[in-house]
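A.B. asks: Compute the structure for the input listed below.
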Amino acid sequence: MTDMRRLLIICMAAVVPLLAGCSNIGYYLQSINGELKLLHARRPIAEVIADPATPPPLKARLERVLAIRDFASRELQLPDNLSYRSYADLRRPFVVWNVFAAAEFSVKPKEWCFVVVGCVGYRGYFAQAAAEAHARELRGEGLDVFVSGVPAYSTLGWFDDPVLNTFINYPEYALSRLIFHELAHQIVYVKGDTGFNESFAAAVETEGVRRWTARNGDDKLRAEFERSRQRRTQFRALLFDYRERLAVLYGLPIAPDEMRIRKAQTFSDMRRDYGLLKSQWGGFAGYDRFFEHLNNANLASFAIYSGLVPQFQQLIAKHNGNLAAFYAEVKELATLGKAARASRLKTTVAPARREQAN
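C.D. replies: Predicted coordinates:
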């Protein structure tokens, strides 16, 4: 089935309920239009490399992408298809902008439900202006809101997703991480369980980059990846700590005015501790944007993408790095209900493994 036929099927699935009275027709149409434009912008990477007009630095990056892509299927047993074997220059810094929201006194994300992917904790737009407009509406409802530019997303194997200008110039460890992450979504995707899906893909990406840098990187690349891994681990620990503190705070029987004061102080403390981390990192500022408009929605967005990463990493260790066995167990988990999946993830890992740091 071609990409265009697949898109037609999705369009029909989306539009039929809209004709019955759904109010989201504008949102679905912008999604369909955005995906169409992205698909039309693709060119096979081999063709881009062979084009005399392609700048040499881009050719070199795309050649490296092909090596990473082959490694993904050969060594990580990720899908061997046409995804990330084409390139598209969208002439903008992000492919979509995601809007996250949470109640004033909650770190639980607001969810939106869609035809194909089920309920998720964000709403994505192909135009930043549209994302910001929706964000203003949510703020008007008294919600904490966070708008985040996204360099890539997965169509879950429905389409042959291209490499984009939005991430082609990332450091090599970050470039490979993103490709591995998005391909992982084609292995397992549970409708309506974003935390499970994103944490699984995040665990695959980290394991994939570790193996890629070990076999194909030089000392500099391996050192860069290790520094990045340590920063991510410390950043995750900081956010999980303060997310838990706020969850406890919001559960206390406190008047709203007092709650707001204590909420503001907690976020102030979090910024202070982040500053201490930056000093340890030599001033690395890669996470600064996260703190520009710090609120519950930021923490909710982080939990969506990282909440179960340690459990999945421990599951990889349980199978001694055998990714086929790991994928098989994750696919089995995907057949369970959401609560049962969460419980199994906590109990299937042996205690000795559970003590290992990620």
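
A.B. asks: So what's the model's average confidence on the helix or strand containing Lys220?
C.D. replies: For Lys220, the host element (DSSP states H and E) is helix 219-250. Per-region confidence: helix 219-250 scores 93 on mean pLDDT.

A.B. asks: Low-confidence ranges, the protein, go.
C.D. replies: When the per-residue scores of the chain are filtered using pLDDT under 70, the ranges that remain are 1-23, 116, 348-358.

A.B. asks: Centroid-wise, who is the farthest residue in it?
C.D. replies: Within the chain, Ala255 marks the point farthest from the mean C-alpha position, 35.8 Å out by CA atoms, centre = their mean.

A.B. asks: Next one: it from Arg262, what distance?
C.D. replies: According to CB to CB, to the nearest Å, Ala255 and Arg262 sit 11 Å apart. All C-beta spots, glycine's among them, are computed from the backbone N, C-alpha and C.

A.B. asks: Same check on Leu299?
C.D. replies: Following CB to CB, the distance that separates Leu299 from Arg262 is 15 Å.

A.B. asks: Mind checking which of those two has more residues around it?
C.D. replies: Set side by side, Leu299 and Arg262 show unequal neighbour counts under other CB atoms under 10 Å, the larger going to Leu299 at 28 against 15.

A.B. asks: What's the local residue count around the closest residue to that one other than its chain neighbours?
C.D. replies: Counting by CB to CB, 6 or more residues apart in numbering, the nearest residue to Leu299 once its immediate chain neighbours are dropped is Arg243, at 4.6 Å. Look at Arg243: counted by other CB under 10 Å, it has 19 neighbours.

A.B. asks: List the contacts of Arg243.
C.D. replies: Contact partners of Arg243, counting by CB atoms under 8 Å, 6 or more residues apart in numbering, are 107, 299, 302-303.

A.B. asks: Show me where the stretch 1-150 of the chain has its strands.
C.D. replies: Per DSSP state E, counting those that start in this stretch, the stretch 1-150 of the chain has strands spanning 43-44, 86-88, 96-102, 112-114, 118-120, 123-125, 144-150. These are given in chain order.

A.B. asks: for these, which one ends up most surrounded?
C.D. replies: Among these, ranked by average contacts under mean count of other CB atoms under 10 Å, first place goes to strand 96-102 (a mean of 24).

A.B. asks: Send me it as CSV with only the CA atoms.
C.D. replies: The C-alpha coordinates for strand 96-102 follow below in CSV (Å, rounded to 0.1, in the frame of the first residue of the first chain):
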residue,chain,number,x,y,z
VAL,A,96,5.4,20.1,14.8
TRP,A,97,4.7,22.0,18.0
ASN,A,98,3.2,20.0,20.9
VAL,A,99,0.9,21.7,23.4
PHE,A,100,0.9,20.2,26.9
ALA,A,101,-1.4,21.3,29.7
ALA,A,102,-2.1,20.4,33.4
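
A.B. asks: Let the chain start at 16 from now.
C.D. replies: Yes, from this point I'll number from 16; that puts the last item at strand 111-117.

A.B. asks: helices or strands next to that strand in the packing?
C.D. replies: Secondary-structure packing of strand 111-117 (3 or more CB pairs under 8 Å, 6 or more residues apart in numbering; DSSP states H and E): strand 138-140, helix 143-155, strand 159-165, helix 311-321.

A.B. asks: Check which helices and strands the longest one sits against.
C.D. replies: When you say that, I think you mean helix 143-155. Other helices and strands packing on helix 143-155, by 3+ CB pairs under 8 Å, 6+ apart, are strand 111-117, strand 138-140, strand 159-165.
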